[in-house]
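# Can you look at this prediction? I've put the sequence above it.
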Amino acid sequence: MDYTPQELMVVCAARQIQDGEHVFVGMRLPLLAFALAKRTHAPRCLGLFEAGILRDEPAAELLYTMGDAPNITGALWATGTVKMIGLMAAGDVQLGFIGGAEIDRYGNLNTTAIGNWQKPAVRLPGSGGAADIASLSQRLAIIMQHDRRRLREKVDYVTSPGYGYPGEEGPAGAAWRERVGLPGGGPSALITTLAVFGFDRENGEAVLQSFHPGTTVEEVQAKTGWTLRLADDYTETVPPSAEELKVIRECDPQGKWTR
Amino acid sequence: MDYTPQELMVVCAARQIQDGEHVFVGMRLPLLAFALAKRTHAPRCLGLFEAGILRDEPAAELLYTMGDAPNITGALWATGTVKMIGLMAAGDVQLGFIGGAEIDRYGNLNTTAIGNWQKPAVRLPGSGGAADIASLSQRLAIIMQHDRRRLREKVDYVTSPGYGYPGEEGPAGAAWRERVGLPGGGPSALITTLAVFGFDRENGEAVLQSFHPGTTVEEVQAKTGWTLRLADDYTETVPPSAEELKVIRECDPQGKWTR
Amino acid sequence: MSKLMTMSEAVARYVPNGSSVAISLALEPLIPFAAAHEIIRQQRRNLTLIGPISDILFDQLIGAGCVERVTAAWVGNVSEGLGYCYQRATEKAIPRAISIEEHSNFTIGLALLAASLGSPYIPTRSTLGSDIPSHNTALRLERSPLDGTPLLLVPALRPDVTIVHVQRSDEDGNAHLWGNSGICGEAMLAAKDVILEAEEIVDREVILSDPNRVLGPSFKVRAVVHERWGAHPSAVQGYTNRDHPFYHEYHERTRSVEGFQDWLEEWVLHLPSRADYMKKLGEERLQRLRVKEHRYAAAVDYGY
Amino acid sequence: MSKLMTMSEAVARYVPNGSSVAISLALEPLIPFAAAHEIIRQQRRNLTLIGPISDILFDQLIGAGCVERVTAAWVGNVSEGLGYCYQRATEKAIPRAISIEEHSNFTIGLALLAASLGSPYIPTRSTLGSDIPSHNTALRLERSPLDGTPLLLVPALRPDVTIVHVQRSDEDGNAHLWGNSGICGEAMLAAKDVILEAEEIVDREVILSDPNRVLGPSFKVRAVVHERWGAHPSAVQGYTNRDHPFYHEYHERTRSVEGFQDWLEEWVLHLPSRADYMKKLGEERLQRLRVKEHRYAAAVDYGY
């Protein structure tokens, strides 16, 4: 069965969604993952959008932005950004999706600036809602392209907090989040073009769970800026099923986001 | 010209409203005062209601409560309580009206409890929005029945802060409001069944501005629980004009609030 | 998933003894009397009532002995003045003593807003200098870390259950409320569970045709109860006008304990359901309260 | 009192050099491009731009040299990615250096909400542990006086002027906005002055027929500008769909300074008014963007 790396990532992302969960949905691949989960194993999941939108059915058309008209028509609720992110701050969102330009082994993400913030080599757009989702959702799933410049030992700027860093006050991980004032939450999955990682909440480290068909652990290591830690039961990623691909291609018939 | 004490109070209240002002309107007499001002000297004033309503025209029917349907139909804005009081907290309300069961010479009002709060002789309903209006409006006008039990040297409970009390830290008045964290604002008029008082912001004291036709300063003093301070130019209250009475009686044809 | 149930089931499941109940949140209109009366009939005890200006619903629950604590800005009878049951409870512990957490309309709204934002508190200057902050164990006087000026910190308040009367809902709890909303929105978002009382149950398509008018996320709703006239004697914009004489009669008859008991038996305890209440009100009275002149909102197009 | 005026007058009066301007507040739709282009044509300088996710309106104003400071959560091109003018300004000070106050969508919303409530700040836990608080001179890390846990205090932010695109307004600035509202409501309430750009100017009765849908108090509105298609290429629910290729073309053409200058001359500087812009877009393109299928909201009765 032929599929693109993006299609596999959508499938991996959809598997993060449990039935009945409230999911803070980003655009592009996570949005397709939401649609896929909805039509397969998680028919009762809900999608929240920081623009101020709550839906229980994906929009009838492919979206370029979350504020596109089809995403509002038929919404369960169309309100403001503060109320929608407020729901997440109050603990009502189980899973959030974000992407990033850079990530490090502790799941900290950078979408603000490469190099020095004052005088950046590359200035990126900034947080948007990403820092909120990383701070406030109960679990965070991250979707990224996999290369050595992106998966780094340490990011230049923490836009979206993951598990922080070990330091004099204690380890990275859940304890770091507690220390800085973010009790609970944190990354639970990093889905890349090559692999899927989980996270060890004790010390905050990314742990390789599976490598995608067609690659190897060695290739993943070569393209990762830190020494990989492997899960005891790490394995090859289960590829998309025919049914999963069918749904994805119905949602993105032109392959705008998945080709 | 025959008129009731309530009609005179409505006229005195309407005179507090300047054209173009945003007025936090209570029910009953202030609501009639708003309608009267609107149709006479202040055609551009706006009325705000803590239920969440903004109007530039009085409702088409006599209201029993501010949430009655006619007060919403034709409103400029119907929203929530927090947003409407928020406008006042942000400084957008020039004048607020409240009533009270007790007031003292410094304009502090009690609508909570007579006697000890823990074990009250008479429990009253509480603040509602009154404490907010007294705290946050730029000027406060108070409407009350005039008797010695109501105009007291010191109220049993400060529900709605006026000019506080003199103490070791300084005098009552604008300085007291500044000290407790309410910069600006404070009572500017106390309109009773017998008289109209202004307030001296230097020391917070009520100052008799006018006594109503048919009474005397002596009678006002006899029914007031503190020693009156008289304005240099105190005078008899100007009675309602025929035009003013006509408007009031059109707004309250059965005399529900004014008879 | 349908959440439709009877008021009897809804109260039995979601308003246990000892719970904190936000109710009567739109100020004078949309007061869920049907829910309150069922709470009284089920003899709930030790409730905490949360609300702004509360009108006679609070007075009735207090008089019926359901209430241990009141966290509110105002308890009385809006168009008549005092609430006698509230007075008897606070002055003479009849039928029982109740404790009061004093609020203003703004501070109670901010407390619920803070909860809806996941913020531990919201600071305000309102009520500074009054005696309210010292008669509410939750409120806290502090200095602003920004400029040292005094502030009142209003901590987040999370009701166990919020009960709201709405014009229409689908069976999942997607609902439209219009007119005067008071602090209904904040209270819905702040609550753990929500019970909706609806004039009409409509198709999902009706609600989703206007998502901006939806009160809040239906995932917070546990029960949807169809109660046409459930808010009587309060007003429901577009459906029912306020029954002013009913409040006057309540005021007159509840001056004494016996009078209240008599009223309660007649209007609550002896009427097993809202349908019986409606029958007792009679068609003539209902007719007087019905909308006389429709005024429809201008059309809005969500098309694309 | 009519506040109707041309965009040229509105910008001349209410967007002086050096003012702070909240704009592009509904996230991707309802972006007031007509106002932004007039600001560019009038060569405003040293503006502070305030917004959440801002899309290419911020990029254009920055590229045109109008901006000194950005107080925002995200600056780029939502459907394409990067904003090249923003990059050139921050990386190479082209056409000038700009300073950045970093925010998230939530913190910028809370800053405006705090202003709308008259609260000096609102505390939140969002962005704790990130580098955002240390790259925003206004934000403040403190411990909660309630339980000692870390908090971010987000101080109130008061824009000099908020500019919002709405579907319809009367000439006084009573306006209906529907669909996706982002932080438009908070920004309107927080601002000193408000400029409305409206698809349609309607009678007062149309707006007042549905007071729940009104965006905010018209007394804050200083100017109402009739600009059908004023938000192009962004979407206006019920009127206009998003012109995705326009964003793509902007992305491609603005990779270089020269390319941006060329684009700016073609689409802004050489078009004296929005009418000229529309003419240039052409009827065929407009037709493609018009609503294909109307979907009207269910009726709502405000009668009594």
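Looks like it came in fine. Values in this document were obtained by computation on a predicted structure and should not be read as measured data. Residues are numbered from 1 along each chain as shown, chains lettered A, B, ... in the order given.
# List the residues that contact residue 200.
By default, I'm working from chain A. By CB atoms under 8 Å, 6 or more residues apart in numbering or on different chains, A:D200 lies in contact with A:G173, A:V207, A:R229. Quick note: C-beta positions are derived from backbone N, CA and C, even for glycine.
# Oops, wrong one, chain C.
The neighbourhood of C:E200, defined by CB under 8 Å, 6+ apart, consists of C:Q167, C:R168, C:S169, C:H226, C:R228.
# Where strands are concerned, which of those count?
C:Q167, C:R168, C:S169, C:H226 (DSSP state E).
# what about the residue positioned nearest the centre of chain A, which SS state?
Nearest to the centroid of the C-alpha atoms of chain A, with distances taken as CA atoms, centre = their mean, sits A:I142, at 2.3 Å. State at A:I142, reduced to three classes by DSSP: H, G, I helix; E, B strand; the rest coil: strand.
# Kindly state the beta-bridge partners for it.
Beta-bridge pairing for A:I142 (DSSP bridges): A:I98, A:L190.
# How about C:G83, nearest residue that isn't a chain neighbour?
With CB to CB, 6 or more residues apart in numbering or on different chains as the criterion, C:G83 has its nearest non-adjacent residue at 3.7 Å, and that residue is C:D59.
# tell me the phi and psi of the one you found?
Here is the backbone geometry of C:D59 (degrees, to the nearest 10): phi -60, psi -40.
# That one touches C:R88, doesn't it?
No. Using CB atoms under 8 Å, C:D59 makes no contact with C:R88, being 9.8 Å away.
# who's more crowded, these two?
Of the pair C:D59 and C:R88, C:D59 is the one with more neighbours under other CB atoms under 10 Å in any protein chain shown, namely 27 against 22.
# hmm, the lengthiest helix in chain C touching chain D?
Secondary structure assigned by DSSP state H gives helix C:105-116 as the longest helix of chain C. Yes. On the criterion CB under 8 Å from any CB of the partner chain, helix C:105-116 is in touch with chain D at C:L110.
# Return the distance of the helix or strand following that helix from the chain's centre.
Downstream of helix C:105-116, the first helix or strand assigned by DSSP states H and E is strand C:121-124. Strand C:121-124 sits 23 Å away from the centroid of its parent chain (CA atoms, centre = their mean, to the nearest Å).
# Show me what strand C:121-124 is packed against.
helix C:105-116, strand C:150-155, strand D:121-124 (3 or more CB pairs under 8 Å, 6 or more residues apart in numbering or on different chains; DSSP states H and E).
# May I see the contacts of A:D200 organised as CSV, with pLDDT added?
Shown next, in CSV, are these (pLDDT from 0 to 100):
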residue, pLDDT
A:G173, 98
A:V207, 98
A:R229, 98
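# so which of the contacts of C:E200 comes closest to chain B?
The closest of these to chain B turns out to be C:Q167 (CB to the nearest CB; 12.1 Å).
# Just give the nearest non-adjacent residue to the closest one, would you?
Residue nearest to C:Q167 in three dimensions, not counting chain neighbours: C:E199, with 5.2 Å by CB to CB, 6+ apart.
# buried sites along the helix or strand harbouring that neighbour?
Assigned by DSSP H and E, C:E199 falls within strand C:193-201. Within strand C:193-201, the residues that count as buried by 16 or more other CB atoms under 10 Å in any protein chain shown are C:D193, C:V194, C:I195, C:L196, C:E197, C:A198, C:E199, C:I201.
# wait, isn't the second one in contact with C:V164?
Read it as C:V194. Yes. Using CB under 8 Å, C:V194 is in contact with C:V164, at 6.9 Å.
# so what's residue 25 up against?
Here I'm looking at chain A. A:L31, A:F34, A:G47, A:L48, A:F49, A:M66, A:F97 are the contacts of A:V25 under CB under 8 Å, 6+ apart.
# not what I meant, chain C
Contacts of C:L25 (CB under 8 Å, 6+ apart): C:G51, C:P52, C:T162, C:V164, C:G182, C:I183, C:C184, C:A187.
# ok, 6 Å please
Going by CB atoms under 6 Å, 6 or more residues apart in numbering or on different chains, C:L25 touches C:G51, C:G182, C:I183, C:C184, C:A187.
# ok, the third one - how many residues close by?
The local packing of C:I183 (other CB under 10 Å) involves 30 other residues.
# Identify the spatial nearest neighbour of it, chain neighbours not counted.
Once flanking residues are discounted, C:I183 sits nearest to C:G109: 4.5 Å by CB to CB, 6+ apart.
# got the residues of chain A near chain C?
Chain A comes close to chain C at residues A:L54, A:A69, A:P70, A:T73, A:G74, A:A75, A:L76, A:W77, A:A78, A:G86, A:A89, A:A90, as judged by CB under 6 Å from any CB of the partner chain.
# related to what we said a few turns ago, need the ones in strands among the contacts of C:E200 in a markdown table (columns: neighbour count, pLDDT and distance to C:R213).
A markdown table is the format used below for these (neighbours: other CB atoms under 10 Å in any protein chain shown; pLDDT from 0 to 100; distance: CB to CB, whole Å):
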| residue | neighbour count | pLDDT | distance to C:R213 |
| --- | --- | --- | --- |
| C:Q167 | 23 | 98 | 10 |
| C:R168 | 23 | 98 | 10 |
| C:S169 | 30 | 98 | 12 |
| C:H226 | 18 | 98 | 19 |
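# Just the closest of those residues to chain A, please.
Using CB to the nearest CB, C:S169 is the member of these that sits closest to chain A, with 12.2 Å.
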